[in-house]
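In: Sequence plus the predicted model coming up.
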Amino acid sequence: MTVSTEPRLDEPPPERAVRPDVRPSVDPVDFDQLYHAHFRSLTAQLAAYIGDVNQAQDLVQEAFCRAFARWSKVSRYDDPVAWVRRVAWNLATSRWRRLRTAQSHLRRQRMEHVPGPTPDRVALTRALATLPPNHRRAVVLHHLADLSVTQIAQQENVPEGTIKSWLHRGRAALAAQLAPANEGTTHA
């Protein structure tokens, strides 16, 4: 015969309320033993769920790391392995959600097809690469970045006459390298 007593309003609460999912602290579970006993089986379960063994190993490892961080609490559960399994499955579900969101975002992006460089651009790039660095910087800054001779001189910390000289020499070298490509064309 079972006698149940309901708590009375005038009585203090019991000293320690026992939760059914928490094991008494008399018999704590050893983390290392739990890990070695269940890592492979949890990995196999999760691999079957997500279809990727390496990803399953990572997720189970992460779940065990989280269990270790809370081990004083998790070790008192009736089934700590169930807690680790649930965390691993939740991590897998979160991973799927992130991947689905990323894929959805990528599908919404427009694909832009950019044509490759023209033969003239390739020739110019090759010719620029042969110039001394100072001449190349002066030509690029003046003709591509639209900086004045004064601005380039300030940036390079040299007199304006030096910049003019670099520009002249750079242009002359480029003209000499690019001229053979233009000689075969006739102008009307």
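Out: Sure thing, it's come through.
In: tell me how far whichever strand or helix holds Leu42 is from the chain's mean position?
Out: Assigned by DSSP states H and E, Leu42 belongs to helix 31-50. Relative to the centre of its chain, helix 31-50 is centred 27 Å away, using Cα atoms, centre = their mean, to the nearest Å.
In: Send me it as CSV with only the CA atoms.
Out: Output of helix 31-50 as CSV, limited to C-alpha atoms (Å, rounded to 0.1, in the frame of the first residue of the first chain):
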residue,chain,number,x,y,z
PHE,A,31,34.1,11.0,-18.8
ASP,A,32,37.0,9.0,-20.4
GLN,A,33,35.2,5.7,-20.0
LEU,A,34,32.1,7.2,-21.5
TYR,A,35,34.0,8.7,-24.4
HIS,A,36,35.9,5.5,-25.2
ALA,A,37,32.8,3.3,-24.9
HIS,A,38,30.5,5.4,-27.0
PHE,A,39,32.4,7.6,-29.5
ARG,A,40,32.4,5.0,-32.3
SER,A,41,28.8,4.0,-31.9
LEU,A,42,27.6,7.6,-31.8
THR,A,43,29.7,8.4,-34.9
ALA,A,44,28.2,5.5,-36.8
GLN,A,45,24.7,6.6,-35.8
LEU,A,46,25.3,10.2,-36.9
ALA,A,47,27.1,9.1,-40.1
ALA,A,48,24.1,7.1,-41.1
TYR,A,49,22.0,10.2,-40.4
ILE,A,50,24.0,12.7,-42.3
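In: For that helix, name the packing helices and strands.
Out: Under the contact definition 3 or more Cβ pairs under 8 Å, 6 or more residues apart in numbering; DSSP states H and E, helix 31-50 sits against helix 53-69, helix 80-108. All C-beta atoms are positioned from the backbone trio N, CA, C, and that covers glycine.
In: Tyr49: how many residues sit nearby?
Out: Tyr49 has 14 neighbours, counted by other Cβ atoms under 10 Å.
In: ok, now Leu99?
Out: Residues lying near Leu99 (other Cβ under 10 Å) number 10.
In: Return the distance of it relative to Ile50.
Out: Distance of Leu99 to Ile50, computed by Cβ to Cβ, to the nearest Å: 11 Å.
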